[in-house]
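Q: Next one to model:
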Amino acid sequence: MTTLTAPLKKASPPSRPRTTTGVSKWKRRFPLLPALVFTIVVTQLPFVATIVISTLQWNILKPGDRHFVGLSNFTFVFTDERLRTAVLNTVVLTASVVLISVVLGLGLAMLLDRRFVGRGLARTLLISPFLVMPVAAALLWKHAIYNPDYGLPNGTLNAVYRLFGADNGPTVDWISSYPMPAVVVSLVWQWTPFMMLILLAGLQAQPGDVLEAARMDGASAVATFRHITLPHLRQYIELGILLGTIYVVQTFDAVYTITQGGPGSQTTNLPYEIYLTMFRKYEYGQAAAAGVVVVIGSIVIATFALRTIASLFREETSR
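A: Alright, predicted model coming up:
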């Protein structure tokens with residue numbers, strides 16, 4: 001006797017989740033709309049206004065003479081001798097501060113990566129210069145350090161000379177004699193903790209098993225740093241350089257407070273030159289054009305910084 005079996009029904013495919021409609025997407029995004037509008041109003045509208053002003057010949061000393069000049073202001077930015085000097089000073093100042101800060105920050109990060117008594121206190125003290133307001137830091141360096149009469153370096157020199165029987169030591173006017181190094185040193189003091197924090201995070205993210213294997217194989221400390229630690233820190237160093245460049249290239253406080261661009265425009269950088277063009281020459285169009293050039297350059301640098309940050313996150317998530 002044969003038994004008849006009912007034909008098997010085809011299994012129905014699993015039900016797909018309903019696609020989210022555009023309306024529901026906008027419902028989820030609607031709470032973010034005020035923040036988006038606020039960001040556009042605060043950041044993008046002023047930039048658009050700056051671009052418009054950069055196409056005008058506008059000097060407030062001649063209120064009736066305001067007219068459209070196209071890209072003439074940008075031509076002036078790239079051909080004016082003062083602005084070329086400001087660009088050169090900006091490059092020298094930014095490169096010096098960033099590179100010296102990275103080297104010093106790497107050394108301090110390697111010290112803080114080791115365990116020792118009081119490491120937490122040392123880390124707090126080393127971070128503190130970065131927390132000082134830029135204007136306060138510039139005033140501190142101008143009056144407490146660089147002052148030729150009662151500044152710390154001259155006081156130390158005088159004390160050393162008195163130890164050897166001299167009445168007084170040399171009195172050096174550091175700002176007038178060494179204007180660019182004076183600004184660089186003050187900014188290095190402020191930005192080294194920033195580089196130290198980034199590189200310390202990179203050092204603490206090193207795989208411990210790789211370092212242990214290197215020690216077991218008899219690798220020296222120099223060889224371990226050169227072949228393991230330094231390649232691992234490459235992206236962190238790049239990140240520190242890029243972020244530091246973005247911030248240092250916009251330096252205004254130290255230049256204005258310590259040297260005011262002098263003597264003889266030796267420390268006049270782009271932000272300070274824009275300030276002089278705007279508030280001393282009253283050339284709004286030229287100042288706006290120079291500002292647009294600085295913003296575009298900062299955007300280019302920021303793009304590389306964001307790519308470096310993204311590659312760091314991809315590397316961390318792939319582990």
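
Q: When you work out contacts or count neighbours from here on, use the C-alpha atoms and nothing else.
A: Will do.

Q: ok, residue 73 touching residue 54?
A: Yes: between residue 73 and residue 54 there is a contact under Cα atoms under 8 Å: 6.5 Å.

Q: distance between the lengthiest helix in the chain and the chain's centre?
A: When the chain is parsed with DSSP state H, its longest helix is helix 284-317. Distance, stretch centre to chain centre, for helix 284-317: 10 Å (Cα atoms, centre = their mean, to the nearest Å).

Q: helices and strands around it, which ones?
A: Judged by 3 or more Cα pairs under 8 Å, 6 or more residues apart in numbering; DSSP states H and E, helix 284-317 is in contact with helix 45-54, strand 56-57, helix 72-79, helix 230-248, helix 270-279.

Q: Flag every buried residue along it.
A: Using 16 or more other Cα atoms under 10 Å as the test for burial, helix 284-317 gives 284-292, 294, 298, 301-302, 305, 308-309, 312.

Q: quick one, it and helix 45-54 angle?
A: Helix 284-317 and helix 45-54 are oriented at 140 degrees to each other (axes from the mean of the first three to the mean of the last three Cα atoms, to 10 degrees).

Q: which residue ranges form the strands in the stretch 51-200 of the chain?
A: 56-57, 67-68 (DSSP state E, counting those that start in this stretch).

Q: Need these in TSV (columns: distance to residue 89, mean neighbour count and mean pLDDT).
A: Shown next, in TSV, are the strands of the stretch 51-200 of the chain (distance: least, Cα to Cα, whole Å; neighbours: other Cα atoms under 10 Å; pLDDT from 0 to 100):
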stretch	distance to residue 89	mean neighbour count	mean pLDDT
strand 56-57	27	20	92
strand 67-68	31	12	90
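
Q: how about these, which one is nearest residue 135?
A: strand 56-57 (32.8 Å; Cα to Cα).

Q: ok so, going back, let me see the mean pLDDT of the longest helix of the chain.
A: Helix 284-317 shows a mean pLDDT of 80.

Q: out of residue 73 and residue 54, which sits in the busier spot?
A: residue 54 (27 against 23; other Cα atoms under 10 Å).

Q: Now do the same contact list for that one.
A: Residues near residue 54 by Cα atoms under 8 Å, 6 or more residues apart in numbering: 71, 73, 74, 284, 285, 286, 287, 288, 289, 292.
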